[in-house]
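Student: only the shape, not the letters, is given here:
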């Protein structure tokens, strides 16, 4: 299956659509993806104001990062209004985040409304409900799906569980498994503690260990921590090069590297890391 997505950056920042005073800080935060939000951060009476104000987020020529928007759910009138407004934007987002996705039809509707000659935005699904998890394989097969994002707050509210790592471990693991099977990237939810860098770093390390490609955040000072965690270190790259060299020397058979047994799965992972490092060099 061919997906339209480019592999995304590690840190994603989201900023409220009514806070035009924060637009510049979000775009220049160092995040690889900056998303303006007209869904959860905007009260119902203010949706139209945010919808109009958010176009300014995309008017910057040659932005330093990928610029996106989180629209409202397609099961709401505001979601339908969002599609009409976005289709009329003069300056358009590179990326659409579709919330409350529970069917591949959601992705197909966004593509049908917005795709045009010379414009096929990256479409990402927020996976944030028990029903979505019941339908992950079908959602992942949507041809225009670029990737998925875990919506921890909505999911925890739906199942009435805590926001701690253990309470949401199953959901994160299920999402990673389905995304990997479909060969699309997954981005973890933000850490909601704004002034606790240790918790942020620990959450990011756990997300990386599970297989997430990156992590969302809601404050610019979180960006560097996320980038630090998700960017392979020089030591990790050197280890991967050593494993690749050992694989080549052994003809691809099981061998040892620094006292550890290594075989085909390790070789494949090391080659992928080396290829990524060389591409980004």
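Tutor: Nice, I can see it. Please read these numbers as outputs of a predicted model, since none were measured by experiment. Numbers count the residues shown, from 1 in each chain.
Student: go ahead and confirm residue 123 touches residue 146.
Tutor: Yes - using Cβ atoms under 8 Å, residue 123 makes contact with residue 146 at a distance of 5.6 Å. C-beta coordinates here come from the backbone N, C-alpha and C atoms, glycine included.
Student: please say which of the two ends up with more neighbours.
Tutor: residue 123 (26 against 22; other Cβ atoms under 10 Å).
Student: what's downstream of the one helix or strand that one maps to, the next helix or strand?
Tutor: Counting by DSSP states H and E, the element that carries residue 123 is strand 122-127. Going down the chain from strand 122-127, the next helix or strand is helix 130-134, by DSSP H and E.
Student: thinking again about what came up before, and the strand holding residue 123, what does it pack against?
Tutor: strand 66-70, strand 95-98, helix 104-114, helix 136-140, strand 145-150 (3 or more Cβ pairs under 8 Å, 6 or more residues apart in numbering; DSSP states H and E).
Student: what comes into contact with the shortest one?
Tutor: Surrounding strand 95-98, the residues in contact under the criterion Cβ atoms under 8 Å, 6 or more residues apart in numbering are 33, 35, 66-71, 73-74, 86, 106-107, 110, 114, 121-126, 146, 149.
Student: mind checking how far the residue nearest the centre of the chain is from residue 149?
Tutor: Centrality entry for the chain: nearest residue to the mean C-alpha point is residue 187, 3.3 Å, by Cα atoms, centre = their mean. For residue 187, the distance to residue 149 equals 5 Å [Cβ to Cβ, to the nearest Å].
Student: hey, what's in contact with both of these two?
Tutor: In contact with both residue 187 and residue 149: 12, 124, 216, using Cβ under 8 Å, 6+ apart.
Student: just the buried ones from those residues?
Tutor: Buried members of the shared contacts of residue 187 and residue 149, scored by 16 or more other Cβ atoms under 10 Å, are 12, 124, 216.
Student: out of the residues you listed, who's nearest residue 168?
Tutor: Of all those, residue 168 sits closest to residue 216, with 14.0 Å by Cβ to Cβ.
Student: so what does the closest one have for phi and psi?
Tutor: phi -80, psi 160 (degrees, to the nearest 10).
Student: in the helix or strand where residue 246 lies, what counts as buried?
Tutor: Taking DSSP H and E as the definition, residue 246 sits inside helix 234-250. Neighbour-count burial for helix 234-250, counted by 16+ other Cβ under 10 Å, picks out 237, 239, 240, 241, 243, 244, 246, 247.
Student: OK, contacts around the fourth one?
Tutor: Just to be clear, that refers to residue 241. 270, 274 are the contacts of residue 241 under Cβ under 8 Å, 6+ apart.
Student: make CSV from the buried ones among the shared contacts of residue 187 and residue 149 and add pLDDT and distance to residue 19 to it.
Tutor: Converted to CSV, those look like this (pLDDT from 0 to 100; distance: Cβ to Cβ, whole Å):
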residue, pLDDT, distance to residue 19
12, 97, 17
124, 98, 22
216, 97, 17
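Student: nearest to residue 202, of those?
Tutor: Here the nearest of these to residue 202, counting by Cβ to Cβ, is residue 216; it sits at 15.9 Å.
Student: for residue 13, helix, strand, or coil?
Tutor: In three-state terms, and counting by DSSP: H, G, I helix; E, B strand; the rest coil, residue 13 is strand.
Student: which pLDDT value belongs to it?
Tutor: Per-residue pLDDT puts residue 13 at 97.
Student: and it, how many residues sit next to it?
Tutor: Quick note: residue 13 (other Cβ under 10 Å) scores 26 neighbours.
Student: quick one: it and residue 221 touch, right?
Tutor: No - if you go by Cβ under 8 Å, residue 13 and residue 221 don't touch, sitting 10.3 Å apart.
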